[in-house]
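*Asks:* The sequence isn't on hand, but the structure is:
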């Protein structure tokens, strides 16, 4: 639906208040407690104002989480290890945030057959950050990255390792953070 | 609670019937539709028989999924690439099964502060299979695996890549399966 079809321009302050309330509720009440009614109450708007903007609770939650996951911003420094570690550490931190921890599995669990916004979220996990990762590899010192390696495969594996470390690893009793994953990725990148 | 405290021995056939019904419902009805009442109806037992065995719906679902995730059985053949690919492909297949796809994110979403069985599931993802992975690395041809690499870190990254590929990658429009992840892991293992 176009803005005109909605009959009046959207108020960006309401969008932001609703998304902030959604993130707060995810962090404090978890996925189940983050209902449209609860978000409306916390944001001080009517439920209808929310449904005008997001067709479902899932798409609202997906948008709120997606904003966080798009925030990772790493610029190449020429120090390949430091740059790759910044990506690994950045995703660990993002996935470990109370909002992502409460919301991401819930979205994945509920997203069977859901709308475009939910698919948009899963598409966004890492997609907006891929160009920065390719830039980091391109800025690496000569001889440290084999041009035969596909940067997108490395990035898939990087995000996967962060997902595993964030959602499963804490329960295994094994220690480990960004350093050993970074070292493994650098080994894989070697010519 | 010990078997004796339950007052009578457990009937293993009921356990199996309940777990099979749980898996069937996860695959056909999804996480939300897999309630204790629905499982009881499908298995032809009373809900009380289920609650005598599992204190909650989540722990029942965790047990049903955990059985599947423990099934991966790879024996070393001496062909390192083939063996590592068997692990990657095996986890892709396990995570792609309708049961895991419906149940695993639901468990992760709901497991904040839940009981031991749920933590047991997340602990089991890969834990029972680690010794086999170490055996595969130990059986690799001389010179193909750097002894300085921690097999458990490689295995974390392997499972993470499979998680990412199964739950997020299908939405990104990128192609990719077990081969490129396997190649990347072999590159990382090189001395």
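*Replies:* Looks like it came in fine. None of the values given here were measured: they were computed from a predicted structure. Numbering: from 1, shown residues only, chains lettered A, B, ... in the order given.
*Asks:* Start from the N-terminal end of chain A and give the helices.
*Replies:* Applying DSSP state H to chain A gives helices spanning A:3-6, A:12-33, A:36-43, A:47-53, A:57-69, A:80-96, A:98-110, A:116-127, A:130-138, A:151-167, A:178-189.
*Asks:* Just give the closest residue to residue A:90, not the sequence neighbours.
*Replies:* Excluding the flanking residues, the one nearest residue A:90 by C-beta to C-beta, 6 or more residues apart in numbering or on different chains is residue A:72, at 4.5 Å. From N, CA and C alone the C-beta is placed, and that goes for glycine too.
*Asks:* Save the helices of chain A as TSV, and put in mean neighbour count and distance to residue A:145 too.
*Replies:* Shown next, in TSV, are those (neighbours: other C-beta atoms under 10 Å in any protein chain shown; distance: least, C-beta to C-beta, whole Å):
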stretch	mean neighbour count	distance to residue A:145
helix A:3-6	8	45
helix A:12-33	17	36
helix A:36-43	18	45
helix A:47-53	16	43
helix A:57-69	22	25
helix A:80-96	20	7
helix A:98-110	23	29
helix A:116-127	20	19
helix A:130-138	16	5
helix A:151-167	24	9
helix A:178-189	21	5
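*Asks:* Looking at these, which is nearest to residue B:141?
*Replies:* For the helices of chain A, the distance to residue B:141 is smallest for helix A:178-189, at 18.2 Å, taking C-beta to C-beta.
*Asks:* In terms of secondary structure, what does that closest one contact?
*Replies:* Helices and strands touching helix A:178-189, by 3 or more C-beta pairs under 8 Å, 6 or more residues apart in numbering or on different chains; DSSP states H and E, are helix A:80-96, helix A:151-167, helix B:151-167, helix B:178-189.
*Asks:* Off-centre distance for the first one?
*Replies:* Distance, stretch centre to chain centre, for helix A:80-96: 13 Å (C-alpha atoms, centre = their mean, to the nearest Å).
*Asks:* That one to helix A:151-167, inter-axis angle?
*Replies:* 50 degrees (axes from the mean of the first three to the mean of the last three C-alpha atoms, to 10 degrees).
*Asks:* For the closest residue to residue A:60 other than its chain neighbours, give me phi and psi.
*Replies:* By the measure of C-beta to C-beta, 6+ apart, the closest residue to residue A:60 outside its immediate chain neighbours is residue A:54, 4.1 Å from it. The phi and psi values for residue A:54, taken as degrees, to the nearest 10, are phi -130, psi 130.
*Asks:* so where's chain A uncertain?
*Replies:* A:1-10, A:109-127, A:168-176 (pLDDT under 70).
*Asks:* how's it carved up into domains?
*Replies:* A:3-67, A:72-189 (automatic domain parsing).
*Asks:* if I look at the residue positioned nearest the centre of chain A, how far off is residue A:95?
*Replies:* Geometric centre of chain A, nearest residue: residue A:69, 2.5 Å, by C-alpha atoms, centre = their mean. Using C-beta to C-beta, to the nearest Å, residue A:69 is found at 9 Å from residue A:95.
*Asks:* and for these two, which residues touch both?
*Replies:* Counting by C-beta atoms under 8 Å, 6 or more residues apart in numbering or on different chains, residue A:69 and residue A:95 have no shared contacts at all.
*Asks:* and residue A:179, which of the helices and strands packed on helix A:178-189 is closest to it?
*Replies:* That would be helix A:80-96 among the helices and strands packed on helix A:178-189, by C-beta to C-beta, at 7.1 Å.
*Asks:* who does that closest one touch, helix- and strand-wise?
*Replies:* Secondary elements touching helix A:80-96 (3+ C-beta pairs under 8 Å, 6+ apart): helix A:98-110, helix A:130-138, helix A:151-167, helix A:178-189.
*Asks:* I figured the residue nearest to the centre of chain A was touching residue A:94, is that so?
*Replies:* Yes: with contact defined as C-beta atoms under 8 Å, residue A:69 reaches residue A:94; the gap is 5.9 Å.
*Asks:* Overlap in contacts, these two.
*Replies:* residue A:100.
*Asks:* Tell me how far the residue nearest to residue A:90 lies from residue A:29.
*Replies:* Residue A:72 is 26 Å from residue A:29, by C-beta to C-beta.
*Asks:* Residue A:142 now?
*Replies:* 52 Å.
*Asks:* How about residue A:14?
*Replies:* 21 Å.
*Asks:* And for residue A:78?
*Replies:* Taking C-beta to C-beta, one finds residue A:78 at 44 Å from residue A:29.
*Asks:* Next: residue A:68.
*Replies:* From residue A:68 to residue A:29 the distance is 17 Å (C-beta to C-beta).
*Asks:* any idea how far residue A:177 is from the closest residue to residue A:154 other than its chain neighbours?
*Replies:* Spatial nearest neighbour of residue A:154, chain neighbours left out: residue A:185 (6.1 Å); criterion: C-beta to C-beta, 6+ apart. Per C-beta to C-beta, residue A:185 is found 14 Å from residue A:177.
*Asks:* before we move on, what about residue A:141?
*Replies:* 25 Å.
*Asks:* Those two: which is more packed in?
*Replies:* residue A:177 (13 against 9; other C-beta atoms under 10 Å in any protein chain shown).
*Asks:* Tell me which residues touch that one, please.
*Replies:* When contacts are counted by C-beta under 8 Å, 6+ apart, residue A:177 is found next to A:89, A:92, A:165.
*Asks:* likewise residue A:130?
*Replies:* Here residue A:130 is in contact with A:151-152, A:155 (criterion: C-beta under 8 Å, 6+ apart).
*Asks:* Format these as a markdown table; extra columns: distance to chain B.
*Replies:* As requested, the contacts of residue A:130 are exported to a markdown table (distance: C-beta to the nearest C-beta, whole Å):
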| residue | distance to chain B |
| --- | --- |
| A:151 | 11 |
| A:152 | 7 |
| A:155 | 10 |
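*Asks:* wait, which of those residues is closest to residue A:36?
*Replies:* residue A:155 (34.3 Å).
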